[in-house]
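Enquirer: would you be able to build a 3D model of this:
(one chain, ligands or ions: 1)
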Amino acid sequence: MANERLTEKKCVPCEGGTEPLQPDRIEELLPQIPGWQVDEHHKQIFRRFEFKGFYKTMAFINAMAWVANQENHHPDFEGGYNFCLVHFSTHAIDGLSENDFICAAKLNALLDE
Ligand SMILES: C[C@H](O)[C@H](O)[C@H]1CNC2=NC(N)=NC(=O)C2=N1
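Expert: Predicted coordinates for the structure are as follows:
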């Protein structure tokens with residue numbers, strides 16, 4: 001679907017039984033989430049965000065927690081003084097679902113880029 005917009009979608013609960021996204025679908029969605037990369041096994045997407053100092057980093061992490069709570073889909077992340085490295089994967093299917101891309105798009109939308 002060429003005109004679908006990830007930022008306008010909502011995550012849907014994923015309980016297993018659904019197929020992980022295949023490489024062609026992943027390539028189709030990636031242009032909507034600039035800055036994100038997919039790991040070599042197509043099991044997770046990740047992006048390193050950088051900020052000007054600890055307060056801005058923590059503001060992002062708190063906003064990310066708000067998005068995750070809204071969507072009931074949660075990132076793994078590590079953070080420090082001026083960075084946050086975020087990973088999304090769908091644990092229930094040990095791979096990527098559209099939920100991962102929706103959350104990534106909503107994190108990108110938090111930033112002035
Ligand atoms: C019922 C609910 O959708 C699941 O427990 C959610 C919660 N958050 C989740 N987050 C992530 N990243 N992967 C999951 O499979 C997942 N499962």
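Enquirer: going forward, measure contacts and count neighbours with C-alpha atoms only.
Expert: OK.
Enquirer: does the helix or strand hosting residue 69 reach the ligand?
Expert: Residue 69 belongs to helix 54-71 when assigned by DSSP states H and E. No. Against the ligand, helix 54-71 shows no contacts by Cα under 6 Å from any ligand atom, the least distance being 8.0 Å.
Enquirer: pull out the buried positions in the next helix or strand after that helix.
Expert: For helix 54-71, the following helix or strand on the C-terminal side (DSSP H and E) is strand 76-79. Using 16 or more other Cα atoms under 10 Å as the test for burial, strand 76-79 gives residue 79.
Enquirer: distance from the chain centre to strand 76-79, please.
Expert: How far strand 76-79 lies from its chain's middle: 12 Å, per Cα atoms, centre = their mean, to the nearest Å.
Enquirer: and that strand, what does it pack onto?
Expert: On a contact count with 3 or more Cα pairs under 8 Å, 6 or more residues apart in numbering; DSSP states H and E, strand 76-79 meets strand 83-88.
Enquirer: which SSE is immediately downstream of the strand it packs on?
Expert: That would be, after strand 83-88 and using DSSP H and E, helix 98-108.
Enquirer: what sits closest to the residue lying farthest from the centre of the chain if chain neighbours are left out?
Expert: For the chain, the residue at maximal distance from the C-alpha centroid (Cα atoms, centre = their mean) is residue 53, at 22.3 Å. Closest residue to residue 53 apart from its sequence neighbours, by Cα to Cα, 6 or more residues apart in numbering: residue 82 at 4.8 Å.
Enquirer: low-confidence regions, this structure specifically.
Expert: 1-3 (pLDDT under 70).
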